[in-house]
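**Q** below: sequence and its predicted model.
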Amino acid sequence: MVLMQDNGLKILTDPKLESIANVWHGFFTRQGGVSPAKYDSLNVGFGSDDEPDNVAENRHRASVKMAADHLNTVHQVHGNRVIRVKKPWSWDNAPQADAMVTDCPRLALGILTADCAPVLFCDPKSKIIGAAHAGWRGAVGGVLQATIEAMIEIGANRRGILAAVGPAIGANSYEVGEAFLEPFLEQDLNNRLFFSPSSRQKHFYFDLPSYIGKYLAQEELACVGQLGRDTYTEEEQFFSYRRGIVKGEKDYGRLLSAIMIES
């Protein structure tokens, strides 16, 4: 993992993706923007109650950092729909989806999160990239597999794809009720390994990043990286939906993770 700092922006990167020529990627932290508390400072979520001008400026700063012609994001719905991106769109006209793929240069694909896992993909040889929003619903619903298949449909080689799982809520921070286990155990009884007992009766801690890692490993990709950063506990670096709930806050900021073919 590499930490880049520039004009207040702090960006985490995956070493394998960082080594790829002509592809930019980054997992932005919450630092380097203009939003006030509780959104301080790089909140990129128009779905928040932050001032839209602040969000627009924060997105602009991120786009400048990437040297992107445009940053595309989607209206994320915790599903498994993947969009092939062929042209820029505005936030007002963004489709509902939870993943994007493209082979278009200088068109950045951005995922917004605040505990869910952002996953970035790249096949360097074919110059095809992808980005997915993987909360528990999307992950168990197949959004990661659907993203990989969408990349293959436009020319990517499965065994040439590199993936990186960005900052997400950690294994010791994600407490869930007993009913939460059902879809995971229906999928595979061995998924019980991703749950550990909580001190509360009939409650468990869920390891979302490791669950995602398991299913990405089954896809036989070239490489799967994990940043291993916990959005819940690292308050100075990341926004967290769950931390906001625990603190009694009514809203929260959104982090940006992005990838782009430079040329």
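**A** That came through fine. Numbers count the residues shown, from 1 in each chain.

**Q** ok, which stretches of the stretch 101-250 of the chain are strands?
**A** Along the stretch 101-250 of the chain, the segments classed as strands by DSSP state E, counting those that start in this stretch run 107-113, 117-123, 128-134, 162-165, 175-177, 195-197, 203-206, 223-226.

**Q** can you put those strands in JSON lines and add mean pLDDT?
**A** Listed next are these as JSON lines, based on pLDDT from 0 to 100:
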{"stretch": "strand 107-113", "mean pLDDT": "98"}
{"stretch": "strand 117-123", "mean pLDDT": "98"}
{"stretch": "strand 128-134", "mean pLDDT": "98"}
{"stretch": "strand 162-165", "mean pLDDT": "98"}
{"stretch": "strand 175-177", "mean pLDDT": "98"}
{"stretch": "strand 195-197", "mean pLDDT": "97"}
{"stretch": "strand 203-206", "mean pLDDT": "98"}
{"stretch": "strand 223-226", "mean pLDDT": "98"}
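
**Q** any idea which of the ones you listed is most buried?
**A** Highest mean neighbour count among the strands of the stretch 101-250 of the chain (mean count of other CB atoms under 10 Å): strand 128-134, with a mean of 29. All C-beta spots, glycine's among them, are computed from the backbone N, C-alpha and C.

**Q** quick one: the strands of the stretch 101-250 of the chain as TSV, columns for distance to residue 155 too.
**A** What follows is these, written out as TSV (distance: least, CB to CB, whole Å):
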stretch	distance to residue 155
strand 107-113	16
strand 117-123	8
strand 128-134	6
strand 162-165	16
strand 175-177	39
strand 195-197	38
strand 203-206	35
strand 223-226	19
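
**Q** for residue 77, give me its contacts.
**A** 96, 97, 98 (CB atoms under 8 Å, 6 or more residues apart in numbering).

**Q** by neighbour count, which of those wins?
**A** residue 98 (28 neighbours; other CB atoms under 10 Å).

**Q** pull out the buried positions in the longest helix along the chain.
**A** If you go by DSSP state H, the chain has its longest helix at helix 52-66. For helix 52-66, burial by neighbour count (16 or more other CB atoms under 10 Å) applies to 54, 55, 57, 58, 59, 61, 62, 63, 65, 66.

**Q** contacts for stretch 83-90?
**A** So stretch 83-90 is in contact with 69-70, 72, 74, 95, 97, 99-102, 104, 107, 109, 150, 154, going by CB under 8 Å, 6+ apart.

**Q** list the contacts for residue 110?
**A** With CB under 8 Å, 6+ apart, residue 110 has these contacts: 44, 62, 71, 72, 73, 131, 256, 257, 258.

**Q** only whichever of the residues you listed are buried, select them in PyMOL.
**A** Only the buried entries of the contacts of residue 110 go into this PyMOL selection, using 16+ other CB under 10 Å:
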select buried, resi 44+62+71+72+73+131+256+257+258
